[in-house]
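J.: Provided below are the primary sequence and the corresponding predicted coordinates.
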Amino acid sequence: MAKAITTIRQSLNYQSQHADYLAANHALFNRVVAFYFEVIQAHEKVLDLSTKEALTALETLTHATSKNGAPVMPLTEIAQDVPAMFRRAAINAALGSARSFYSSLKKWRTRREKAEAKKARKGKRKKFTERPPVPPRTWNKSVPFYAGQWKERTDSSILLKVWTGTCWSWIKVRTLGRGLPDGVEKGSPSLVRRGKQWWLHTPLEKTFSSPAKIDQQVTTKAQTRICAVDLNLDTHLAVCTVQTVEGTILATRFIGHGREISGFRKQQLGRIARNRSKTGMIAISEQDNADLWCKIKQVDEQIAHLVSARIVQFAQEQAATILVFEHLGNLKPEKGKYSRRGNSKRAFWMKGRIFIYAKYKAWNEKIITSRVNPRNTSRECHRCHHLVIRYNAGQPMEGYTPGASLVLCEHCSMQGHADRNASLVIGQRLIARSQEPLKEKPPAPVRRAGRESKDSGVVLSQDAKRESRPSPDDARHGDGNGPGTAQGRRRRMGRPLSAIPHQLRLPLE
Ligand SMILES: [Zn+2]
């Protein structure tokens, strides 16, 4: 079985004195967590136990019962009458932090030993200067509410048992925003503070039978649909195509407005640069710049979420079960002003985020995500795999202009949109790779004299280099006059390019 977890975040509406209660409850919880962290530090052995056993051991150490009269480190020295479920939540939080702290400490020790062994062996004088990890000095854990600490949950309200500062009491808070869907398993909600506002986060767990592995899907079912995505930094942020393993092209979608986003970001970066030149120093925390940074970040984040959602939605509509991207490659630094350099960097990060978000969103819909070698994906013809001519509309059809919107293959006279061609090649690579996973280094795409120019070198990521290269012969599935090809192209021509719904407007002041 496979699992997918999503978190529903609901803003809370409460009386003003309740805000003080929530804060007091939060403070108490963190005091108890800190206490248990200390108990664990004093009894490191509990970390060798399973979480359940460790919980019992820690309760024995701290909690008095009729059988366990005098605990070694009583919790009552910190707080009286802590409800069992509150205590357990705190113990689990402390255990989590302790495990993470001790595992990084262990790694640090290993590194130190290695460095010292090396020093002894080679007689090097270089000292091991890396500092050891330190245990947390302050605590700011969100308070989870285990069963028994909350009740009477409806779509718009919930009762929570909290420490008011003087006693334990039930308070009712209203939940705003999206309600909880039915038919999914709900985890324990937790109270999260963002600035002055309190939120309730509820994890939802969905279990489903795991989808078959990509290799299996591709090799056993010719009708498996693959949605391939070409991410760009210019007009169309993403171009998606759906094709079957056999090579029938079913649909294309352009997700756009990249130029406006890029323009917006560049403008903000330019403002920051001008502010900096005025103050003569880099003042990131300065109020004005902080606002501008925040704006850029928000827009990038929002766009990454919207674009990834649109990609997954398209894959779902087309009943695709595999989503494939190309590896990102390395960032090619651009020359020019600060705003230009910074802009291309952030656009590059955004591509990475779109991939990450699309991956988890796809998984929630049982779609598996993969990546392929990015080498020459835009230069290959998706039909015959010869190198293509890339040009802009209204310009002579010759040479290779990076970033131009149209391609022409002289060999098979395939003509079309450059990004769509690239996305088809990406899909074919995945098919080729799965069908011939062991093939080491197949020949590079067919090259003709004079076509390849130096300045347009393709940058490969380390990851991508390790992958086996797809063979052009094996990828030759979307060939010539397949029924889907023409259809796919018609759709593309007929579809308006503004594929992003109205929500994706830029907050331009
Ligand atoms: Zn061709």
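T.: Structure's in. What do you need? Note that this is a predicted model, so its numbers are computed, not measured.
J.: in stretch 399-412, what counts as buried?
T.: 400, 404, 405, 406, 407, 408, 409, 410 (16 or more other Cβ atoms under 10 Å). Where you see a C-beta, it was placed from the backbone N, CA and C, and this is true even at glycine.
J.: quick one: pLDDT of residue 164?
T.: Listed pLDDT for residue 164 reads 89.
J.: how near is it to residue 31?
T.: As for residue 164, its distance to residue 31 is 15 Å (criterion: Cβ to Cβ, to the nearest Å).
J.: if we can go back for a sec, closest to residue 69 among the buried residues of stretch 399-412?
T.: residue 405 (79.7 Å; Cβ to Cβ).
J.: so who does that closest one touch?
T.: By Cβ atoms under 8 Å, 6 or more residues apart in numbering, the residues touching residue 405 are 235, 392, 393, 417, 418, 419.
J.: on that earlier part again, now, which of the buried residues of stretch 399-412 lie close to the ion?
T.: residue 409 (Cβ under 5 Å from the ion).
J.: can you tell me which of the buried residues of stretch 399-412 is nearest residue 222?
T.: Among the buried residues of stretch 399-412, and counting by Cβ to Cβ, the member closest to residue 222 is residue 409, at 25.4 Å.
J.: how about the closest one: what's its closest non-neighbour residue?
T.: Nearest residue to residue 409 in three dimensions, chain neighbours excluded: residue 381, at 3.8 Å (Cβ to Cβ, 6 or more residues apart in numbering).
J.: okay but the one you found is in contact with residue 413, surely?
T.: No - using Cβ atoms under 8 Å as the test, residue 381 is too far from residue 413 to be in contact (9.7 Å).
J.: quick one: which of the two has more around it?
T.: residue 381 (27 against 10; other Cβ atoms under 10 Å).
J.: what does this protein have sitting close to the ion?
T.: Checking the chain against the ion by Cβ under 5 Å from the ion, the hits are 381, 383, 384, 409, 411, 412, 414.
J.: contacts only, for the residue of the stretch 1-150 of the chain found nearest the ion.
T.: Closest contact between the stretch 1-150 of the chain and the ion, by Cβ to the ion, is at residue 2 (39.2 Å). By Cβ under 8 Å, 6+ apart, residue 2 lies in contact with 207, 208, 209, 210, 211, 363, 366.
J.: residue 430 now?
T.: Taking Cβ under 8 Å, 6+ apart as the test, what residue 430 contacts is 214, 218, 226, 228, 322, 324, 370, 372.
J.: for it, which non-adjacent residue is spatially closest?
T.: Nearest to residue 430 is residue 324, by Cβ to Cβ, 6+ apart, at 4.5 Å.
J.: that neighbour in helix, strand or coil?
T.: With DSSP: H, G, I helix; E, B strand; the rest coil as the basis, residue 324 sits in strand.
J.: ok, it touching residue 226?
T.: Yes - using Cβ under 8 Å, residue 324 is in contact with residue 226, at 6.1 Å.
J.: number of nearby residues for the nearest residue to residue 164 once chain neighbours are set aside?
T.: Closest residue to residue 164 apart from its sequence neighbours, by Cβ to Cβ, 6+ apart: residue 21 at 4.4 Å. Using other Cβ under 10 Å, residue 21 has 21 other residues around it.
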